[in-house]
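Asks: What follows is a predicted protein model with its sequence.
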Amino acid sequence: MNFTGVFNHSLDPKNRVFIPSEFREDLGETFYIYRAPENCVCLYNEERWAQLAEKINEETNSAVLRKKKRQFFSRVASCKMDKQGRITIGADFLSHASLTKDVVIAGMGNCVEIWDADAWKQIEADDSEDDLAEGIYF
């Protein structure tokens, strides 16, 4: 799985958004939507989500870990696309990512991110080619 590319879409009045066809097969029938630490939501396929969950569950049990697990697992929901390739984004995810009408769906390698279009414009404005090339060899 290697999610790449950026796609502009709009939420409909029922808070549904089309998932680009380029991402649908790799996301699979059931996948997971997560409130990421940044102001976006991430989509993970079942395989990647299982890897992340296993990693969190393997940690030793402590008060700090229980807090970490609580934050991690309470910010996720399973998700399925409808026959038109849309998902409904729940109110808590919309609020977390400040999603309104126009959104950007971006491939991030092992996941897909959904951003408010204005927030994405700010990210792009803050990026420089030097930052992009740092540590990456073409």
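Replies: The structure has been received and is ready for your questions. Residues are numbered from 1 along each chain as shown.
Asks: ok, which stretches of the chain are helices?
Replies: Remark: helices assigned in the chain by DSSP state H are 21-27, 46-58, 63-73, 91-97, 117-126, 129-133.
Asks: May I see the buried residues of the first one?
Replies: Of the residues in helix 21-27, those buried by neighbour count under the rule 16 or more other C-beta atoms under 10 Å are 23, 26-27. Using the backbone N, CA and C atoms, a C-beta is placed for each residue, glycine as well.
Asks: and what of the fifth one?
Replies: Using 16+ other C-beta under 10 Å as the test for burial, helix 117-126 gives 119-120.
Asks: for this structure, what are the low-confidence residue spans?
Replies: Low-confidence segments of the chain (pLDDT under 70): 1, 128-138.
Asks: circling back: looking at the helices of the chain, which is closest to residue 36?
Replies: Minimum separation from residue 36 across these (C-beta to C-beta) falls at helix 91-97, 8.1 Å.
Asks: tell me the contacts of the residue nearest the centre of the chain?
Replies: Nearest residue to the geometric centre of the chain (C-alpha atoms, centre = their mean): residue 42, 1.0 Å. For residue 42, the contact set (C-beta atoms under 8 Å, 6 or more residues apart in numbering) comprises 33-34, 36, 108, 111-114.
Asks: in the sheet, who's paired with it?
Replies: With DSSP bridges applied, residue 42 shows beta-bridge pairing to residue 34, residue 113.
Asks: Now do it against residue 96, distance only.
Replies: Separation of residue 42 from residue 96 (C-beta to C-beta, to the nearest Å) stands at 11 Å.
Asks: Quick one: the helices of the chain as TSV, columns for distance to residue 83 too.
Replies: Converted to TSV, those look like this (distance: least, C-beta to C-beta, whole Å):
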stretch	distance to residue 83
helix 21-27	12
helix 46-58	20
helix 63-73	29
helix 91-97	22
helix 117-126	26
helix 129-133	38
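Asks: what about the ones you listed, which gets the closest to residue 10?
Replies: Of the helices of the chain, nearest to residue 10 by C-beta to C-beta is helix 117-126, at 8.8 Å.
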